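Colleague: here's a sequence, model it:
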Amino acid sequence: MSDSLSNASEPFPLPAADDPHFAEEILAQVRAVLEECEKKTRPPEVVPYRDQLFALFAAAFDAGLTEDPDERAEPSTTGDAPPEDLSADGLCKALGEQWGLAAAARANPEEGPALSQAHVAKVRLLLSLMHLWTNWDLAWRRWPDYH
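Modeller: Residues are numbered from 1 along each chain as shown. Coordinates of the predicted model:
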C-alpha cells in the first residue's frame, strides 16, 4: 500500500484513463483504501477514506466503467477478454474473490464456520463500499434529469 493512502493530507495518484491497466489499478487502490480502513478500524464512510473512494469512483465513472458491462453501449475491450467492470457489483465480486470470501461462503459447514470473523469484517467493508459506490453512481447518472 502506498504511503499516500495512509496520509490523508496527500492525494494518491490516479491512473490515467488511457492506461491499459486502468481498471486493475483502480481496483488495487480501492482495495488499499478498504484495507487501511480495516487496519485502523474505521468505516469507509468517514474522511479521508470516503474522499479517496470518491476520487476513485469519479475516475472510473469518467472512464465509463461503473456501468454494468452487459448494459454498455460499446464494450470497453475487444476480443474474448471480459469487459472491465468497476460497477459496485464488479468491484465487490473481484474483491470478494481476492479476499477468499467466495470460497469461504461455499465451504462445507461440517468443516467449521463458513465465515470467520476476518471474513465477516471484509463483508462489512464490501457492504459499505457497495452502498457508497451505488449511491454515487445513481446520483451522477440522474444529475442531468434534474439540472
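Colleague: R50: neighbour count?
Modeller: Using other CB atoms under 10 Å, R50 is surrounded by 16 other residues. All C-beta spots, glycine's among them, are computed from the backbone N, C-alpha and C.
Colleague: for it, helix, strand, or coil?
Modeller: With DSSP: H, G, I helix; E, B strand; the rest coil as the basis, R50 sits in helix.
Colleague: ok, it - contacts?
Modeller: By CB atoms under 8 Å, 6 or more residues apart in numbering, the contact set of R50 is 44, 132.
Colleague: measure it to S128 for me?
Modeller: R50 sits at a distance of 9 Å from S128 (criterion: CB to CB, to the nearest Å).
Colleague: then L115?
Modeller: If you go by CB to CB, the gap between L115 and S128 works out to 17 Å.
Colleague: so what's F57 up against?
Modeller: Applying CB under 8 Å, 6+ apart, the residues near F57 are 66, 132-133, 136-137.
Colleague: now the helix or strand hosting R142: average pLDDT?
Modeller: Assigned by DSSP states H and E, R142 belongs to helix 117-146. For helix 117-146, mean pLDDT rounds to 95.
Colleague: and it, what other elements does it pack with?
Modeller: For helix 117-146, the elements it packs on are helix 22-39, helix 49-62, helix 88-98, helix 101-106, judged by 3 or more CB pairs under 8 Å, 6 or more residues apart in numbering; DSSP states H and E.
Colleague: among those, which is nearest P13?
Modeller: P13 sits nearest to helix 22-39 of all the helices and strands packed on helix 117-146, at 8.8 Å, using CB to CB.
Colleague: list the buried ones in the closest one?
Modeller: Under the neighbour-count criterion of 16 or more other CB atoms under 10 Å, helix 22-39 has 22-23, 25-27, 29-38 buried.
Colleague: and the angle for that helix with helix 117-146?
Modeller: With axes from the mean of the first three to the mean of the last three CA atoms, to 10 degrees applied, the angle from helix 22-39 to helix 117-146 works out at 120 degrees.
Colleague: now helix 22-39 and helix 49-62, what's the angle there?
Modeller: 170 degrees.
Colleague: any low-confidence regions in this structure?
Modeller: The chain contains residues with pLDDT under 70 at 1-11, 72-83, 108, 112-113.
Colleague: centre of it to the edge, which residue is at the far end?
Modeller: Taking CA atoms, centre = their mean, the residue of the chain most remote from its mean C-alpha position is E110, at 32.0 Å.
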